[in-house]
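Student: Any chance you could fold what I've pasted below:
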Amino acid sequence: MIIIALVSPTGGAGRTSLAISVATQLSMLGRHVTLVQADPANNIEFQLGYPSRSIRGLGHALLHQAPLEQLLKTSTAGFKLLPFGDIDVAQQVAIDRLLMEEPQRLTSLFQEKEFADDTIVIIDLPRWPAAWCQKIMALSDLNLIALIPDSASILGIDTLLPHLLESRGASYFLMNRFDSAKVLHLDLWTLCKMKLSHRLLPFYLHEDQALAESLAAGLALADYAPRSQLVEDQQKLCNWIDAEIG
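Tutor: Next up, the predicted model:
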């Protein structure tokens, strides 16, 4: 099993849509993929076109040992999906405490039979520094940090870097929602290259209005706008991931 964690130093970096595109593209390459939302926002099913979101999910698997076989579903793209599930504030506090005091519960979860040896597990994390981030990154084989070309996202790199050094897996940064026609975006891209060197992937994902339109239509971007630049970018990213994990 290979665990890929997606995290970002700010909100609005497109982690969830990125996680979905990676899961979809890797499935098309013949990989066995399970997409896990470890974000209490519990919004991933909306982006996949489901008419409603699941009441139970990852949160309930941790808190109440709910069987994974009852929580997993199969997407139309062919990958398995474990949503977070709806929880209230008290349950969220209990989960955060559990992650801090009993981290082995999370480790045991990913050792269950539903996560086979040949599975690629893609985990959509909340923005840093949520409790989920460090606990998942202690288990992950590859961390992808989504940046967007604004000052808050770039300033967040320095806070995140020391923790990435403690992570089990390799960490790489990816620029998302990029517009090469904007001077500010180009300047921030240059700054990131200087700061991150080879840890910044040498390509970026373009800003594309078709993504929002595809979500509203309940369709995958590749189906809604198959010739868009962003689809090509996503394919390039997934080819890189496929080669990186071997």
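Student: List the contacts of the longest strand seen in the chain.
Tutor: Longest strand in the chain by number of residues (criterion: DSSP state E): strand 170-178. Strand 170-178 is contacted by residues 13-14, 18, 141-149, 157, 164, 185, 189, 192, 196, 199-201, 204-207, 237, 244 when judged by Cβ atoms under 8 Å, 6 or more residues apart in numbering. Glycine gets a C-beta too; all of them are placed from N, C-alpha and C.
Student: And stretch 231-240, by the same measure?
Tutor: For stretch 231-240, contacts defined as Cβ under 8 Å, 6+ apart pick out 21-22, 25-26, 29, 174, 201, 203-206, 221-222, 225.
Student: buried sites along that stretch?
Tutor: Residues V231, D233, Q234, K236, L237, C238 are the ones in stretch 231-240 that count as buried (16 or more other Cβ atoms under 10 Å).
Student: Also stretch 85-95?
Tutor: Within stretch 85-95, the residues that count as buried by 16+ other Cβ under 10 Å are G85, I87, Q91, I95.
Student: part of a strand, is the second one?
Tutor: No: when the secondary structure is assigned by DSSP: H, G, I helix; E, B strand; the rest coil, I87 falls in coil instead of a strand.
Student: That one: what's it in contact with?
Tutor: P40, N42, G59, H60, L63, I95.
Student: what's the distance between the residue lying farthest from the centre of the chain and A130?
Tutor: No residue in the chain sits farther from the centre than V183, which is 28.0 Å out by Cα atoms, centre = their mean. Going from V183 to A130 by Cβ to Cβ, to the nearest Å gives 33 Å.
Student: from what I can see N43 touches Y50, true?
Tutor: No: at 10.5 Å, N43 and Y50 do not qualify as touching, with contact defined as Cβ atoms under 8 Å.
Student: hmm, back to that, could you flag which of the contacts of strand 170-178 are buried?
Tutor: Taking 16+ other Cβ under 10 Å as the criterion, what is buried in the contacts of strand 170-178 is 13-14, 18, 141-149, 157, 164, 185, 189, 192, 196, 199-201, 204-207, 237.
Student: Quick one: the strands in the chain, in order.
Tutor: Per DSSP E, the chain carries strands over the ranges 2-7, 32-37, 73-74, 80-82, 119-124, 142-147, 170-178, 200-206.
Student: Tabulate these (JSON lines), appending mean pLDDT and distance to S214.
Tutor: Compiled in JSON lines, the strands of the chain are given as follows (pLDDT from 0 to 100; distance: least, Cβ to Cβ, whole Å):
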{"stretch": "strand 2-7", "mean pLDDT": "97", "distance to S214": "19"}
{"stretch": "strand 32-37", "mean pLDDT": "97", "distance to S214": "17"}
{"stretch": "strand 73-74", "mean pLDDT": "94", "distance to S214": "20"}
{"stretch": "strand 80-82", "mean pLDDT": "97", "distance to S214": "18"}
{"stretch": "strand 119-124", "mean pLDDT": "97", "distance to S214": "18"}
{"stretch": "strand 142-147", "mean pLDDT": "97", "distance to S214": "18"}
{"stretch": "strand 170-178", "mean pLDDT": "96", "distance to S214": "15"}
{"stretch": "strand 200-206", "mean pLDDT": "96", "distance to S214": "14"}
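Student: Kindly reformat those strands as a markdown table and extend each row with distance to K113.
Tutor: Conversion of the strands of the chain to a markdown table gives the following (distance: least, Cβ to Cβ, whole Å):
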| stretch | distance to K113 |
| --- | --- |
| strand 2-7 | 16 |
| strand 32-37 | 12 |
| strand 73-74 | 16 |
| strand 80-82 | 13 |
| strand 119-124 | 11 |
| strand 142-147 | 23 |
| strand 170-178 | 27 |
| strand 200-206 | 34 |
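Student: Can you check which of these gets nearest to Q134?
Tutor: Q134 lies closest to strand 2-7 among the strands of the chain, at 9.8 Å (Cβ to Cβ).
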